[in-house]
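Student: Sharing a sequence plus its predicted fold:
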Amino acid sequence: MNLIKSLVLGLSLSLASLAAFAAQINLNTASASELETLNGVGAAKAAAIVAYRTEHGGFKSVDELANVKGIGDKTVEKNRDQMTVAAPARKPQP
């Protein structure tokens, strides 16, 4: 019985970790509405993030988000585990 409980617990933890990773928001590709799901980010800040990304060619690190007007270090820290800056997928050349 303990083996079954251990297996179920291990599977649950694995699925929770996978779900947390899958839920990450890519600052370089997320829409404004996706960015609004971050803690402390409303419509105006989401629009500022998109504008910054467009003007500067994308984010090189999550910490760079603090350079966006209206976003501070506290907002970055609150959301750090939910964000990534992975490069967008490139379309294959014909």
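Tutor: Sure, I can see it.

Student: ok, Thr84 to Gly58 distance?
Tutor: Thr84 sits at a distance of 12 Å from Gly58 (criterion: CB to CB, to the nearest Å). Where you see a C-beta, it was placed from the backbone N, CA and C, and this is true even at glycine.

Student: before we move on, what about Gly40?
Tutor: For Gly40, the distance to Gly58 - CB to CB - is 21 Å.

Student: try Asp73
Tutor: 20 Å.

Student: And Ile71, by the same measure?
Tutor: Per CB to CB, Ile71 is found 16 Å from Gly58.

Student: Same check on Gln24?
Tutor: The gap separating Gln24 from Gly58 is 16 Å, by CB to CB.

Student: Quick one: the strands in the protein, in order.
Tutor: Along the chain, counting by DSSP state E, strands occupy 25-26, 83-84.

Student: what about the closest residue to Glu36 other than its chain neighbours, how many residues close to it?
Tutor: Leaving aside its sequence neighbours, Glu36 sits nearest to Ala46 (CB to CB, 6 or more residues apart in numbering; 4.8 Å). By other CB atoms under 10 Å, 20 other residues sit near Ala46.
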